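[1] sequence and predicted structure below; questions after.
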Amino acid sequence: MGLDNEAQANKGIPSKGFRYNSPVVQVILIGLVCFCCPGMFNALQGMGGGGQVNAQAVNNANTALYTTFAVFGILGGGIYNILGTRLTLLIGCSTYVLFTGSLLYYNHNQHQLFAIIAGAVLGIGAGLLWAGQGAIMTSYPTEDKKGRYISLFWSIFNLGGVVGGFIPFISNYHRTAGSVNDGTYIGFMCFMGFGALLTLTLLPAHKVVRNDGTRVSIMKYSNPTTELLEILKLFLDWKMLLLFPASWASNFFYTYQFNHVNGKLFTLRTKGLNNVFYWAAQMLGSVGIGYILDNGSQSRKKRGYMGVAVVALIGTAIWGGGFANELKYNGKNPNLDFKNSGASYAGPLVLYFSYGLLDAIFQNLVYWMIGALGDDPQTLSRYSGFYKGVQSAGAAVAWQVDAHKTSPVAELVINWCLTTISYPLLLVLVALAVHDKPSPVGNFEGDMGDEDESVKR
């Protein structure tokens, strides 16, 4: 060990360079876990109807999924505080494999019951996974790096959707109609199984050390009674009430985008290719909004205002373009193909790409807001769980709205209104709850590429 590293060690400051217990490594690991599990799940969902010709069974399975997700999303933070990082995430990820297996079964037997039960089980697991993920992503970074950490996670996570989009594209390249083949589901299950095993590589929060030598948290596992009381308090917390409309809207639009845009306008193989662009747009959007929300030349409150304004302007433009597209096709199924449709394919592809961009900047903004409301993993796991729970309740309603044959134009207008309502409430949240809080040791997150300021001291 060199003199500089030895001096750091004597002061209790970790040496520079790669450290397995650094916040950035742990955020990358949880990103890879989500790459394999919800990332692949998103790619499958993006096919429209889970890759099935008749979306009814998958709509019902998704309703069961998001109903239990709504409950366990809210309870997930408390469960995470009791079970700890690895066990919570291992249980959560295992349920993704079961759900995809149920669609493989449905491909042969056309029986809904297994898919619906597997969807309900996945909702439980997803609630656990996302509560743990939210705690890691929002509590490990310092205040000035939260936007960057969130965009780092979001990029890795959505790379799963990009890679996952190639699975149905390649395996169904010579098919232009029908359900996806068995190999598509088996490929997704392999990735998801690996993601479940990858959760075992994550460290407990109290073992994660920042570059200044401080630990992220001294985790004291809670008990069920305490957690239940703390969760119930969230429904009376004015900050969570202001966040409620954005949480409700943040997955509501998936049903419309997947079933009525990608699911209805394109051929089977083109749907998979479109998902590559949709999830790539998520990566670009997360980097862009992360830059705005971490702009060090502005106060945190100003960054919050700027973030809401940017998302509102972009969102309004994209929903307006979507409305024009709906009026053009008016519920028709033109079966656009990336090879055969020429210029007719370009416009709807750009629209679908833009929807992915909007999803990323909208959700990254909400996560940044949550991260600005606290610092410790226990509190932020509850906040993240509340967000995912409300988000999933909205999604459950959205899948049933579609199952009841609501017109595509009506679904678009509902989504446009929901996201628009959330913007002024987010501005109020920034005004009342987001404050500048200087770090006691300055900028010490050298593992994100900055020079280690703590060594200079």
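    That came through fine.

[2] what's the average pLDDT for whatever helix or strand Ile314 lives in?
    Per DSSP states H and E, Ile314 falls inside helix 300-329. For helix 300-329, the mean per-residue pLDDT is 95.

[3] mind listing what's buried in it?
    For helix 300-329, burial by neighbour count (16 or more other C-beta atoms under 10 Å) applies to 300, 303-308, 310-312, 314-315, 318-319, 322, 325-326, 329. C-beta here means a position set from N, CA and C on the backbone, and glycine is covered the same way.

[4] which strands and helices sit next to it?
    When contacts are defined as 3 or more C-beta pairs under 8 Å, 6 or more residues apart in numbering; DSSP states H and E, helix 300-329 packs onto helix 268-293, helix 343-371, helix 408-433.

[5] out of these, flag the one nearest Leu89.
    helix 343-371 (17.6 Å; C-beta to C-beta).

[6] give me the low-pLDDT residue ranges for the stretch 301-450 of the chain?
    437-450 (pLDDT under 70).

[7] quick one, the helix holding Ile314 and helix 408-433 angle?
    Calculated by axes from the mean of the first three to the mean of the last three C-alpha atoms, to 10 degrees, helix 300-329 forms an angle of 170 degrees with helix 408-433.

[8] helix 300-329 vs helix 268-293, what angle?
    160 degrees.

[9] off-centre distance for helix 300-329?
    Centre-to-centre, helix 300-329 and its host chain are 19 Å apart (C-alpha atoms, centre = their mean, to the nearest Å).

[10] do stretch 246-260 as well
    Worked out by C-alpha atoms, centre = their mean, stretch 246-260 lies 12 Å from the chain centre.

[11] what is the mean pLDDT for it?
    For stretch 246-260, mean pLDDT rounds to 93.

[12] equivalent analysis for stretch 278-297, please.
    Rounded mean pLDDT across stretch 278-297 is 89.

[13] and stretch 80-97, by the same measure?
    93.

[14] what residues of that stretch count as buried?
    By 16+ other C-beta under 10 Å, the buried positions in stretch 80-97 come out as 80-81, 83-85, 87-97.

[15] same deal with stretch 408-426?
    408, 411-416, 418-419, 422-423, 425-426.

[16] and which of those residues is nearest Ala115?
    Nearest to Ala115 among those is Glu411, at 22.4 Å by C-beta to C-beta.

[17] what number of residues lie near the closest residue to that closest one other than its chain neighbours?
    Excluding the flanking residues, the one nearest Glu411 by C-beta to C-beta, 6 or more residues apart in numbering is Tyr256, at 4.3 Å. Around Tyr256 there are 25 other residues, counting by other C-beta atoms under 10 Å.

[18] mind listing what Tyr256 touches?
    Contact analysis of Tyr256 by C-beta atoms under 8 Å, 6 or more residues apart in numbering lists 398, 402, 408, 411-412, 415.

[19] and the helices and strands packed on helix 300-329: which comes nearest Glu230?
    Here helix 343-371 is closest among the helices and strands packed on helix 300-329 (C-beta to C-beta), at 15.4 Å.

[20] beyond the closest one, next helix or strand please.
    Helices and strands here follow DSSP H and E; after helix 343-371, the next one along the chain is helix 377-403.

[21] go through stretch 341-353 and flag the buried ones.
    For stretch 341-353, the neighbour count (16+ other C-beta under 10 Å) marks 341, 345, 348-349, 351-353 as buried.

[22] go ahead and measure how far it is from the middle of the chain.
    25 Å.

[23] what does it rub up against?
    Residues beyond stretch 341-353 that count as contacts (C-beta under 8 Å, 6+ apart) turn out to be 257, 261-262, 265-266, 270, 274, 277-278, 280-281, 318, 321-322, 325, 334, 336-338.

[24] ranges for the helices of the stretch 151-300 of the chain?
    Assigned by DSSP state H, counting those that start in this stretch, the helices in the stretch 151-300 of the chain fall at 182-198, 224-234, 238-249, 252-255, 263-265, 268-293, 300-329.

[25] residues contacting Ala403?
    56, 59-60, 63 are the contacts of Ala403 under C-beta under 8 Å, 6+ apart.

[26] what about Leu129, distance to Phe153?
    13 Å (C-beta to C-beta, to the nearest Å).

[27] of the two, who's got more company?
    Under the criterion of other C-beta under 10 Å, the comparison of Leu129 against Phe153 puts Leu129 first, with 33 against 26.
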